[in-house]
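In: How does the following fold in three dimensions:
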Amino acid sequence: MRLTTIMAAALALAVSGGAAAQEARAPTLFIASDSTAQHYNDDRYPQAGWGSFLGCVLTGATVDNRAIGGRSTRTFVSEGRWNGLLADLRPGDAVLIQFGHNDASENKPERFADAATTYRQFLMSFIADVRAAGATPVLLTPVARRSFDESGKAKADFPTYSAVVRQLAEARGVPLVDLETSSRALLDQTGYDAAAALYLHYPAGEIARWPEGVSDDTHFSEIGARRIANLVADGLTATPLAPYVGSDRSDLTRETPVGSSRCR
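Out: Sure, this is the predicted structure:
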């Protein structure tokens, strides 16, 4: 009986210690998104996604970036990526959800998700799943492309998708980062010509990956990805994740590139 008592006490101590360790565990901010947030290895430089730099300003929390290029809400589920994320999600974590660019691909039925129906349904399912895991869902409107109207103002290329995100955030009480609005404001402030430096615009012969040059108004350069990460951080300060967002933004506002996806 004495041995049994000792073993029971040891087990209780182990369980309580494990519970305390879990309680003290730093939260993880998962990112479920597409190429605009994706992490890229050095061989893909200078292409970068904002998810690579968000961790540069976090304190007491870490980032697990599951974003991958070409994915929509539909394919993030059909390829098993959403279930894989849920398997690693723990109480106290958060999931930043930004889709829309690929959902709008009507010419690619495997990706396409109608904004008012399928896209909305997937987002509602994401919200429910994250909350069921004891974690916090955060919705993000699709980040802006380098797209300007005839008056010279940055425009939204995915307005119906952004509208659904905003509506769901309000209706379901979900924290919202209105990245479309903030990134358009950044483009307006920067101007059409100067904004090219935030995206993949390089002349022939400058980047080995693109010997003939590249002109891409969707995907970000290192500096562009840092700027967008700064906007996401700004948005998070108005959410329950605010305590994890540091005040030092020097990594995200620097004028010269580091040459990689490192913070500095």
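
In: Backbone dihedrals for Leu96, please?
Out: Here is the backbone geometry of Leu96 (degrees, to the nearest 10): phi -90, psi 120.

In: quick one: pLDDT of it?
Out: We have a pLDDT of 99 for Leu96.

In: My read is that it contacts Thr141, right?
Out: No. Assessed by C-beta atoms under 8 Å, Leu96 is found out of contact with Thr141, at 11.8 Å. In short, each C-beta sits where N, CA and C put it, glycine included.

In: can you give me the helices in the stretch 1-150 of the chain?
Out: For the stretch 1-150 of the chain, the helices defined by DSSP state H, counting those that start in this stretch cover 2-24, 73-78, 81-88, 120-132.

In: where among those is the average confidence lowest?
Out: The bottom spot among the helices of the stretch 1-150 of the chain, by mean pLDDT, belongs to helix 2-24, with a mean of 41.

In: Report the contact partners of Arg209.
Out: Arg44 (C-beta atoms under 8 Å, 6 or more residues apart in numbering).

In: quick one: it from Ala194, how far?
Out: Distance, Arg209 to Ala194, using C-beta to C-beta, to the nearest Å: 23 Å.

In: One more: Thr36?
Out: On the measure of C-beta to C-beta, Thr36 and Ala194 end up 20 Å apart.

In: Over to His201: give its phi and psi.
Out: The phi/psi pair for His201 (degrees, to the nearest 10) is phi -130, psi 110.

In: and the residue nearest to it when sequence neighbours are not counted, how many residues sit next to it?
Out: Nearest residue to His201, sequence neighbours excluded (C-beta to C-beta, 6 or more residues apart in numbering): Ser215, at 5.6 Å. Residues contacting Ser215 under the criterion other C-beta atoms under 10 Å number 12.
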